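> My questions concern the predicted model and sequence given below.
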Amino acid sequence: MIMLSPVEQPPDTTVQLPGSKSITNRALLCAALAEGTSTLTGVLFADDTRAMLGAITALGAQVTVDEAAATVTVRGTDPRAATGPVSVFANQSGTTARFLLPALALRPARGVLDGDAQLRARPFGPLVEALRTLGARVEEPAEAGRLPLAVTGPVHGGRVPLPGHLSSQFLSGLLMAGPLMRDGLAVELTSPLVSVPYVTMTAAVMTAFGVPADGLGVAPGRYRATGYAVEPDASAASYFLAAAAITGGRITVAGLGTGSLQGDVRFADVLERMGARVSRDADGITVSGGEPLRGVDVDMADISDTAQTLAAVAVHADGPTRVRGIGFIRRKETDRLAAVVTELRRAGIDAEEHEDGFTIRPGRPAPTRFDTYGDHRMAMSLSLLSLRSPGIEIDNPRCVAKTYPEFFADLSRATARA
Ligand SMILES: O=C(O)C1=C[C@@H](OP(=O)(O)O)[C@@H](O)[C@H](O)C1
Ligand SMILES: C=C(OP(=O)(O)O)C(=O)O
């Protein structure tokens, strides 16, 4: 449990955040599949990226880590030449699991993929079906469409139908393995794609490793080793930008410029619509207190990792906030719609769950010990309620280690609290 106290004065600071989880895990996988040795800088070290480091090592890549310098070198491998069985444990990491399964399917040997209980509860069915269509044998020893899974390739590639409404990670994972498939890959989406900017990010990272890709297909080819600088994490940035909006202070997130690959930088646009003052340049994003915050009606299907952050901001607005388009976040680390509404109600806030989102009405949070459901984003978002209200406690705060082990220390420093 961690107890947080309100800020004494609004922050006025610049923060340097750890590297993007999503970009780190893409760059690690592309480097692992590349010819030659790549050097990645600005790398995130957290549970999710450690899971990916373990996974690419199991694939046969040679990895050297310099955590203090946030640097990893990766000598790539060709999984198509693999001989023996391997097993990969993705822990709680959706990206690691959904990106690794297609990579394991490149191997002409058996690969087993598993994760912890939280990840075992998340869907893999569309990926299982797609890999079968592409020529792999997939065993589902527990439950259909759930981890653990065992895959034996090699996949030959070609055309494949894929639903898009559950997660974009299936598409990203298939695309990254695509160039190593004999026939390349052409995906036909059978339902609307969620989290679209993450697929654009996938294509951008693939292109940086020498394989031009669009968001739906890729020709056969090899990745080339490269030097790659990972941007700071834009989802992590949402907590700091929200803190500035809630307190009326100023926080600049360095290194997240207008050219960012991460869709979640658009969380700042939502704050701007709520009345916060936002400025962006090539080096960073700044939020500084503007007018009193207004409620908004917003579709967050592209930036759903920031929906819980917005719920915390919405508590401090002067009218209701309605968030739409994110029914699929019920299948993340927890049912995030139910969790955020349940916890805000626990603090006496008027919050309502909808099939596709939630409505939050402003209020003053009562002293509350919040449950986090083992979801790092519940912990990080709910901690923002402490900025202006006393008596806020967060249960199991260590769950932030999934993507941001130093979150509480960094938030305390940025908002000048002990
Ligand atoms: O591809 C990625 O890096 C991610 C895609 C998103 O997941 P979905 O596509 O499942 O929404 C996001 O929530 C997750 O944190 C990271
Ligand atoms: C949903 C998330 O992660 P993943 O799907 O990569 O486990 C997240 O980081 O909020």
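Nice, I can see it. Note that the structure is predicted; figures quoted are calculated from it, not measured. Ligands and ions are numbered 1, 2, ... in the order given.
> you'd agree Thr14 is in a strand?
Yes: according to DSSP: H, G, I helix; E, B strand; the rest coil, Thr14 belongs to a strand.
> right, and it touches Leu256 too?
No: the criterion here is Cβ atoms under 8 Å, and Thr14 misses it with Leu256 at 11.5 Å. Glycine gets a C-beta too; all of them are placed from N, C-alpha and C.
> what do the two both touch?
Here Thr14 and Leu256 share the contacting residues Gly284, scored by Cβ atoms under 8 Å, 6 or more residues apart in numbering.
> neighbour count winner among the two?
Neighbour comparison, Thr14 and Leu256: the larger count goes to Leu256, with 25 against 14 (by other Cβ atoms under 10 Å).
> which residues sit in contact with that one?
Leu256 makes contacts with Leu17, Glu231, Pro232, Ala234, Ala237, Gln262, Val265, Gly284, Ile285, as judged by Cβ under 8 Å, 6+ apart.
> any low-confidence regions in this protein?
290, 418 (pLDDT under 70).
> Show me which residues of it are close to ligand 2?
Ser93, Gly94, Thr95, Asp305, Lys332, Arg377, Thr403 (Cβ under 6 Å from any ligand atom).
> Neighbours of Val196, how many?
Val196 sits with 17 neighbouring residues when counted by other Cβ under 10 Å.
> now do Gln9
Neighbour tally, Gln9, other Cβ under 10 Å: 9.
> and it, that's in a helix?
No: with three-state DSSP as the criterion, Gln9 is assigned coil and is not in a helix.
> ok, it touching Ala416?
Yes: taking contacts as Cβ under 8 Å, Gln9 lies within contact range of Ala416: 7.2 Å.
> What are the neighbouring residues in contact with the closest residue to Pro397 other than its chain neighbours?
Residue nearest to Pro397 in three dimensions, not counting chain neighbours: Ile2, with 4.2 Å by Cβ to Cβ, 6 or more residues apart in numbering. Contacts for Ile2 (Cβ under 8 Å, 6+ apart) come out as Ser383, Glu393, Ile394, Pro397, Phe408.
> and those residues as CSV, adding neighbour count?
Formatted as CSV, these follow (neighbours: other Cβ atoms under 10 Å):
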residue, neighbour count
Ser383, 25
Glu393, 16
Ile394, 25
Pro397, 21
Phe408, 19
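> Walking through the stretch 1-150 of the chain, point out its strands one by one.
2-4, 12-15, 34-35, 37-41, 62-66, 71-75, 86-89, 110-114, 137-139, 149-152 (DSSP state E, counting those that start in this stretch).
> Please convert those to a markdown table, extending it with distance to Arg273.
Output for the strands of the stretch 1-150 of the chain, formatted as a markdown table (distance: least, Cβ to Cβ, whole Å):
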| stretch | distance to Arg273 |
| --- | --- |
| strand 2-4 | 27 |
| strand 12-15 | 23 |
| strand 34-35 | 41 |
| strand 37-41 | 34 |
| strand 62-66 | 41 |
| strand 71-75 | 38 |
| strand 86-89 | 41 |
| strand 110-114 | 41 |
| strand 137-139 | 44 |
| strand 149-152 | 42 |
